[in-house]
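Colleague: model this:
(chains A and B)
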Amino acid sequence: MRTKKINASRLRMTLLALPFVIYIIAFSYVPIHGWIYAFFDYRPALPLFKNEFVGLMNFRHIFEDFRNIGRVLKNTLIFFGLDILTSFIPVLLAIMLSEVKSRKFKKLVQTTTTLPYFVSWIIIYSFVFNLFSFGGLINEVLLKLNLIKEPTSIMMNLEAVYPFQTFLRLWKGSGWNAIIYLAAISGIDSELYDAASVDGAGRFMKIAHITLPGVAPTYFVLLLLSISNMLSSGLDQYLVFYNGFVAPRIEVLDYYVYKIGLMTNDYSYSIAVGITKTFISLFLLFSANAMAKKFRGESMF
Amino acid sequence: MSVAHGKRSIGDRAFGIVNGAILFLLMVICIYPFYYIFIYSISDANAAAAGLGVALMPVKMTLRNYQEVFKMEGMGKAAMVSALRTVIGTVGTVACSGFFAYLVTKPLYFKKTIYRLTIATMYFSSGLVPWYLTMRMYHLYNNFFVYFVPGLISAYYIILIKTFIEQLPASLEESAMLDGAGSVTIFTKIIFPLSMPIIATIAIFSAVGQWNTWFDNYILVQNKELTTLQLKLYTLLKNSSQLAEQANQTGANGGVMSHTEDLITPMAIRMTVTMVVTLPILFVYPFMQRYFVKGIMMGAIKG
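Modeller: The predicted structure follows:
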């Protein structure tokens, strides 16, 4: 029931919330005003409205710039595809962990495999740099074993970009991502396993018919959710591992937006690409949600 | 637990051994880089550089590398800036997100609108350049405030805290209200202490996030006095990497590796700085583990 009369305590609390609402508007909504720049031929140093209004020119330019856009889109989608292809690894890790009998060993493996999730990409870059560069440990060992004649650096190897960066993401995230599957596995009714044992099912039978179906819903929801992030590979990883040798393959869409925006200062074009990306991502999010509704009869959010 | 009862067959045992061996290998792959950097940083720089050096054990243990690293220009200051942003950012985020989440559980005017306005921020982003321009518009450029002000309120944290507060018994709050306590008092004296489990989770994840963040420093802070440890390490690595790239182009790989008989080598400096940046994470890590499951749910909401 709603009363028309203003309630003093409600008003007081609303006023207390007001600064936070203003804060949210200032930091999440006000930045959207920057989208106007996409419709101008903006040169930094001039005030916005002194610049030429060019309508959709910057958006049309996306198609003219297809040589670059096509290349960064290809890289982005390849990285996304490799992530999907390797997304079973955390599931596998969780299943393997759940099959361990010793609690101590299980805890130890979990602790160590989760640790990389908590360090920054700069630290990971440093690990790679110090282990894989010329004079690094890996080269020394390979030279000693006569497996290579000359030191090589994987960080400067164009051919290695896709598998190596995917490997690094797996190294960083697998242990962490396994936690949610472990939670799903521990939620499975243990009577199912007992009943299967009585029926003479072996370990693999139980994994295939009880554990896997138990984690499948979690797996598919996460997979669907990841679709909306298809174009958002993130920036940190690609920025720190960027160098002239690997540039053609390591430049993803987020890196390109950063490069044209903050390195060459073409704000207008960078924002036009960013806006296009935002709308495609929102479209993907709503599509994924509609699909989830169809499959599970409930929405993700 | 998915463990079968009864006798263990040979196949079962073999499975256990193979499973354990693979997991052990994964464990080594995950932990070895940390271990290697650590033993290198406490070894004598020249001994470590010779041959295979310190693949498994430290040689000629010394703290010399650490002494040299802290003598480097701006190191102490960068450590201070990183520590400060972590403490201020964490306290600020917990206080602001906590209090706002509590208010959102109350019958505010326009409550629905306020909540939707908050949650919607998870699903869109204005993009990098608009964000950058807005920060500059607010004078959050070359300004310590840029490290913590933009993260004070986070929609994910609001959802988590709100959900937690809503399942607290309402009677506690009602009796306090009858005693005439205002909403600020109720929050600080009752709600906040009772919400410790979720507050601790958020504090720990936001502290790790603060410590690891460097991009704001990279694009919005040029002032050397305000450089964070992460960026300091990044600059150091990029300088070394450029040298290596040039060497690669000219085919003179040896040049990068040749060490003079200095007391300390570029490699040892890199390793030691890396260790300095990693150590705080290693210290809090054991305390964090109980919050993992809540943390990952956070990630799931984030999507």
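Colleague: which secondary structure elements does the longest helix along chain A sit against?
Modeller: The residue-count maximum for a helix in chain A (DSSP state H) belongs to helix A:267-296. Applying 3 or more C-beta pairs under 8 Å, 6 or more residues apart in numbering or on different chains; DSSP states H and E, one finds that helix A:267-296 contacts helix A:57-64, helix A:212-227, helix A:253-258, helix B:128-137. Any C-beta I mention is one placed from the backbone N, CA and C, and that applies to glycine too.
Colleague: what's the angle between it and helix A:212-227?
Modeller: Taking axes from the mean of the first three to the mean of the last three C-alpha atoms, to 10 degrees, one finds that helix A:267-296 is oriented at 150 degrees with respect to helix A:212-227.
Colleague: now helix A:267-296, how far from the centre of its chain.
Modeller: Here helix A:267-296 is found 15 Å from its chain centre; the criterion is C-alpha atoms, centre = their mean, to the nearest Å.
Colleague: and that helix with helix B:128-137, angle?
Modeller: 120 degrees.
Colleague: buried sites along helix A:267-296?
Modeller: A:267-278, A:281, A:284-285, A:288-289, A:292 (16 or more other C-beta atoms under 10 Å in any protein chain shown).
Colleague: just stretch B:219-235 next, same as before
Modeller: Here stretch B:219-235 shows B:219-221, B:226-234 as buried, counting by 16+ other C-beta under 10 Å.
Colleague: out of those residues, who's near chain A?
Modeller: Under the cut-off given by C-beta under 8 Å from any C-beta of the partner chain, chain A has B:219, B:230-231, B:233-234 from the buried residues of stretch B:219-235 close to it.
Colleague: would you reformat those residues as CSV and include secondary structure?
Modeller: Shown next, in CSV, are these (DSSP: H, G, I helix; E, B strand; the rest coil):
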residue, secondary structure
B:Ile219, helix
B:Gln230, helix
B:Leu231, helix
B:Leu233, helix
B:Tyr234, helix
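Colleague: check those residues and tell me the two furthest apart.
Modeller: Greatest spacing in these, by C-beta to C-beta: B:Ile219 and B:Leu233 (17.0 Å).
Colleague: hang on, isn't A:Leu285 packed against B:Tyr123?
Modeller: Yes - judged on C-beta atoms under 8 Å, A:Leu285 makes contact with B:Tyr123 at a distance of 6.5 Å.
Colleague: okay, helices next: where are they in the stretch 101-250 of chain B?
Modeller: B:111-120, B:128-137, B:155-166, B:170-178, B:183-186, B:192-194, B:196-212, B:215-220, B:229-250 (DSSP state H, counting those that start in this stretch).
Colleague: for those, give me JSON lines that also has mean pLDDT.
Modeller: As requested, these are exported to JSON lines (pLDDT from 0 to 100):
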{"stretch": "helix B:111-120", "mean pLDDT": "95"}
{"stretch": "helix B:128-137", "mean pLDDT": "96"}
{"stretch": "helix B:155-166", "mean pLDDT": "92"}
{"stretch": "helix B:170-178", "mean pLDDT": "81"}
{"stretch": "helix B:183-186", "mean pLDDT": "89"}
{"stretch": "helix B:192-194", "mean pLDDT": "92"}
{"stretch": "helix B:196-212", "mean pLDDT": "93"}
{"stretch": "helix B:215-220", "mean pLDDT": "96"}
{"stretch": "helix B:229-250", "mean pLDDT": "83"}
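Colleague: dump these to CSV, plus distance to A:Asn146.
Modeller: CSV is the format used below for those (distance: least, C-beta to C-beta, whole Å):
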stretch, distance to A:Asn146
helix B:111-120, 60
helix B:128-137, 47
helix B:155-166, 52
helix B:170-178, 72
helix B:183-186, 72
helix B:192-194, 64
helix B:196-212, 40
helix B:215-220, 42
helix B:229-250, 22
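Colleague: which among the ones you listed is found nearest to B:Met271?
Modeller: It is, among the helices of the stretch 101-250 of chain B and with distance given as C-beta to C-beta, helix B:229-250, at 10.7 Å.
Colleague: could you list the residues in contact with the closest one?
Modeller: The contact list for helix B:229-250 (C-beta atoms under 8 Å, 6 or more residues apart in numbering or on different chains) reads A:120, A:122-123, A:125-126, A:129, A:133-134, A:153, A:155-156, A:240, A:243-245, B:74-75, B:78-79, B:81-82, B:211-214, B:217-218, B:253, B:255-256, B:266, B:269-270, B:273-274, B:276-277.
Colleague: go with 7 Å
Modeller: A:120, A:122, A:125-126, A:129, A:133-134, A:153, A:156, A:240, A:243-244, B:74-75, B:78-79, B:82, B:212, B:214, B:217-218, B:253, B:255-256, B:266, B:270, B:273-274, B:276-277 (C-beta atoms under 7 Å, 6 or more residues apart in numbering or on different chains).
Colleague: dump the C-alpha coordinates for it into PDB.
Modeller: The C-alpha coordinates for helix B:229-250 follow below in PDB (Å, rounded to 0.1, in the frame of the first residue of the first chain):
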ATOM      1  CA  LEU B 229      54.900  -1.100  -8.000                       C
ATOM      2  CA  GLN B 230      53.100  -2.900 -10.800                       C
ATOM      3  CA  LEU B 231      53.900  -0.200 -13.300                       C
ATOM      4  CA  LYS B 232      57.500   0.000 -12.000                       C
ATOM      5  CA  LEU B 233      57.900  -3.700 -12.700                       C
ATOM      6  CA  TYR B 234      56.300  -3.300 -16.100                       C
ATOM      7  CA  THR B 235      58.600  -0.400 -17.200                       C
ATOM      8  CA  LEU B 236      61.600  -2.400 -16.000                       C
ATOM      9  CA  LEU B 237      60.500  -5.500 -18.100                       C
ATOM     10  CA  LYS B 238      59.600  -3.500 -21.200                       C
ATOM     11  CA  ASN B 239      63.000  -1.800 -21.200                       C
ATOM     12  CA  SER B 240      64.800  -5.200 -20.900                       C
ATOM     13  CA  SER B 241      62.500  -6.600 -23.600                       C
ATOM     14  CA  GLN B 242      63.300  -3.800 -26.000                       C
ATOM     15  CA  LEU B 243      67.000  -4.500 -25.600                       C
ATOM     16  CA  ALA B 244      66.300  -8.200 -26.300                       C
ATOM     17  CA  GLU B 245      64.200  -7.300 -29.400                       C
ATOM     18  CA  GLN B 246      66.900  -5.100 -30.800                       C
ATOM     19  CA  ALA B 247      69.400  -7.900 -30.300                       C
ATOM     20  CA  ASN B 248      67.000 -10.300 -32.000                       C
ATOM     21  CA  GLN B 249      66.800  -8.000 -35.000                       C
ATOM     22  CA  THR B 250      70.500  -7.600 -35.400                       C
END
